[in-house]
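Enquirer: When you get a sec, could you give me coordinates for this:
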Amino acid sequence: MYTYNDFDAAFVAERNRQFRAQVARRVDGSLTEDEFKPFRLMNGVYLQLHAYMLRVAIPYGTLKADQMDMLAHLAETYDKGYGHFTTRQNIQYNWPTLSDIPDMLDDLAKVEMHAIQTSGNTIRNVTADHFAGAAADEVADPRPVAEMIRQWSTDHPEFQALPRKFKIAVTGSQNDRAVIKAHDIGLRLHEQDGVLGAEVVVGGGLGRTPMIGKTIADWVSLEDLPAYLESVVSVWNLLGRRDNKYKSRIKITVHEHGIDDIRARVEERYKLVRPTFTGAHMDLFRDIAAQFGNPAFRNAPTDEYDAAYDADPVFRAWVDTNLTEHKAPGYAIAQISLKAHGATPGDATAEQMRVMAQLARDYGHGELRISHEQNVVLPHVHKSDLPAVHKILQAHGLATANIGLISDIIACPGMDYCALATARSIPIAQEIATRFDELKLEHEIGDLKIKISGCINACGHHHVGHIGILGLDRAGVENYQITLGGDHTETLALGERTGPGFSAEDIVPAIEKIVETYMGQRSGAEETFLETFRRVGMEPFKTALYGESSKRTKAA
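Expert: Residues are numbered from 1 along each chain as shown. Predicted coordinates:
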């Protein structure tokens, strides 16, 4: 895993020193809130509905055990004892006092973490596949590439006042677990003639105008990649709409100009940019990549795992639901659900963070990952250790066997915290999860992704949920629109709206009707919700939600 060098440590320390002085000026009144805003955004500080919020970067979702311990320390020392993991592989603290935030940043620096560029109109935290370095289907570990991009983009002088925020995601597998087609730039690592490079996708994004990214280059070598990325961002920086923030993202630029025009402009810019990269970046990349070798995998029997799997149905359910195939024999990738039924999706207490950190030390080679689905991953666990891991998780409310099921819901903070939200997200997620736990149906339902956003900005990724829920304000009353058929994988698709929205009281019964319709329409227990929807279409679901009148309205 990447370790700071002297430059990194000095850079973060200086940024923290500067921000401490800026906070002091805000506290004593020398800076107004409007004057302070650009300084706080550069350092990951938002003004939320009730308090300031600090967003901490977890670059490409990778954490060391001592870093997770520090996140626990911040939660109990400066907040209310918990943190919130986000869909951008960050952690947010919702209740810090402004005067404490410089101390929080200094504490983070002790474990090589920061909050730089987690907000503002700049290149944000680079995200990656949460199974990076472990997945059996991986072509290449995306984290060295993500780290190179992080270093290139941090404080890049040309990109500190972009038309709007800019997000980059990287996957090293054909099976996309990083949602690359819903990012401003998405990268899929693959080889061409034995040389590693990346497909480059541009112009994806959700929010007010959701769009699927388009391939601008089928393959760019790693050596050429930073110059190519710089060319893409430079072209958008010049063309991007600054007159209208709702049309400022690169997805709108690509839509207005067309991918062929953008490609031609990027290639022209690339001719000028590429010669400025003299080769030193590849020396840097090789140094970075050398830090991402495999841990010392051990060879051990799995008899204890096999026995527990056969004898304990609770353990077996957790294994079948929360584990993924590992590239190393005898190992598994273990996902820890932060979606216990009725809990706030993505929240973890300080105690739970410490438990997960210790599990990583004792059984996981000291590594953790944060997924864009707001869960935590132990990427390297030998199967012989899984019974012990499961028992510890059970003791701390972390053994919910629901990864990928209907209660594994992505939800933004919504109107409980966010100043932009138009409806609540968290209570709706809690009610859905609790209801289907009561019905004891979620394992029978199988793979079904619900994603909830509390406003049109789509921080909950509702557009790409198998069932998406968007909370809106209708004359002062919360109203929840439903979309069906979204897909966040390599076959990315945007959900289709069912029709009129539902009240907060009616949204859970509406979801029940959708699930009942799916189970009645599916061709067998193995056919997933998404497969059924693609086969039968929207009409059976609309009829279930709105009655036969929906058919008559369509015919008319």
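Enquirer: and Lys165, what is it in contact with?
Expert: Applying CB atoms under 8 Å, 6 or more residues apart in numbering to Lys165 gives the contacts Ser119, Gly120, Asn121, Thr122, Arg124, Arg249. Any C-beta I mention is one placed from the backbone N, CA and C, and that applies to glycine too.
Enquirer: ok, now with 6 Å
Expert: Asn121, Arg124 (CB atoms under 6 Å, 6 or more residues apart in numbering).
Enquirer: can you check the one 10 residues further on too?
Expert: Listed by CB under 6 Å, 6+ apart, the contact partners of Asn175 are Asp137.
Enquirer: at 8 Å instead, please
Expert: Here Asn175 is in contact with Asp137, Thr489, Glu490 (CB under 8 Å, 6+ apart).
Enquirer: Which ones among those map onto helices?
Expert: The helices in this structure, assigned by DSSP state H, contain none of the contacts of Asn175.
Enquirer: Write the PyMOL selection for whichever of those residues are buried.
Expert: Those of those that count as buried under 16 or more other CB atoms under 10 Å are selected in PyMOL with:
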select buried, resi 489
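Enquirer: Relative to Phe39, which of the contacts of Asn175 is nearest.
Expert: Nearest to Phe39 among these is Thr489, at 38.8 Å by CB to CB.
Enquirer: surely the closest one meets Ala178?
Expert: No: assessed by CB atoms under 8 Å, Thr489 is found out of contact with Ala178, at 9.9 Å.
Enquirer: ok but Gln335 is inside a strand, no?
Expert: Yes: the assignment for Gln335 is a strand, going by DSSP: H, G, I helix; E, B strand; the rest coil.
Enquirer: Can you name the residues that contact it?
Expert: Residues near Gln335 by CB under 8 Å, 6+ apart: Asn322, Leu323, Thr324, Ser371, Asn375, Val376, Val377, Leu378, Ile403.
Enquirer: Identify the bridge partners of it.
Expert: Val377 (DSSP bridges).
Enquirer: So what touches the helix or strand hosting Trp318?
Expert: Assessed by DSSP states H and E, Trp318 sits inside helix 313-322. Defining contact as CB under 8 Å, 6+ apart, one finds that helix 313-322 is touched by 308-310, 334-337, 386-387, 390, 394, 399, 401-405, 443.
Enquirer: tell me which residues of it are tucked away?
Expert: In helix 313-322, the ones that count as buried by 16+ other CB under 10 Å are Phe315, Trp318, Val319, Thr321, Asn322.
Enquirer: Does Thr122 touch Phe166 like I think?
Expert: Yes: here Thr122 reaches Phe166: they are 6.9 Å apart, a contact under CB under 8 Å.
Enquirer: Find me the pLDDT at Arg552, would you?
Expert: At Arg552, the model reports a pLDDT of 42.
Enquirer: what do you get for the one 4 residues further on?
Expert: As predicted, Ala556 sits at a pLDDT of 36.
Enquirer: Check Leu49 too.
Expert: 84.
Enquirer: ok, so what distance separates it from Met415?
Expert: The gap separating Leu49 from Met415 is 7 Å, by CB to CB, to the nearest Å.
Enquirer: where do the contact lists of those two overlap?
Expert: Ala421.
Enquirer: These two: which is more packed in?
Expert: Met415 (21 against 15; other CB atoms under 10 Å).
Enquirer: List the contacts of the more buried one.
Expert: Leu49, Ala421, Thr422, Ala423, Arg424, Ser425, Gly454, Gly471.
Enquirer: Next, give phi and psi for it.
Expert: Note on Met415: backbone dihedrals following degrees, to the nearest 10 are phi -70, psi -10.
Enquirer: what's the answer for the one 5 residues further on, then?
Expert: Torsion angles at Leu420 (phi, psi; degrees, to the nearest 10) stand at phi -90, psi -20.
Enquirer: quick one on the thing from earlier: closest to Ala72 out of the buried residues of helix 313-322?
Expert: Using CB to CB, the buried residues of helix 313-322 come closest to Ala72 at Asn322, 22.0 Å.
Enquirer: chain center to the helix holding Trp318, what's the gap?
Expert: Centre-to-centre, helix 313-322 and its host chain are 25 Å apart (CA atoms, centre = their mean, to the nearest Å).
Enquirer: can you check stretch 147-156 too?
Expert: On CA atoms, centre = their mean, the centre of stretch 147-156 falls 19 Å from the chain's centre.
Enquirer: before we move on, back to that, now do the shared contacts for Thr122 and Phe166.
Expert: Phe159.
Enquirer: and stretch 200-220, how far out from the chain's middle?
Expert: Worked out by CA atoms, centre = their mean, stretch 200-220 lies 17 Å from the chain centre.
Enquirer: buried stuff in that stretch?
Expert: 200-207, 210-217, 219-220.
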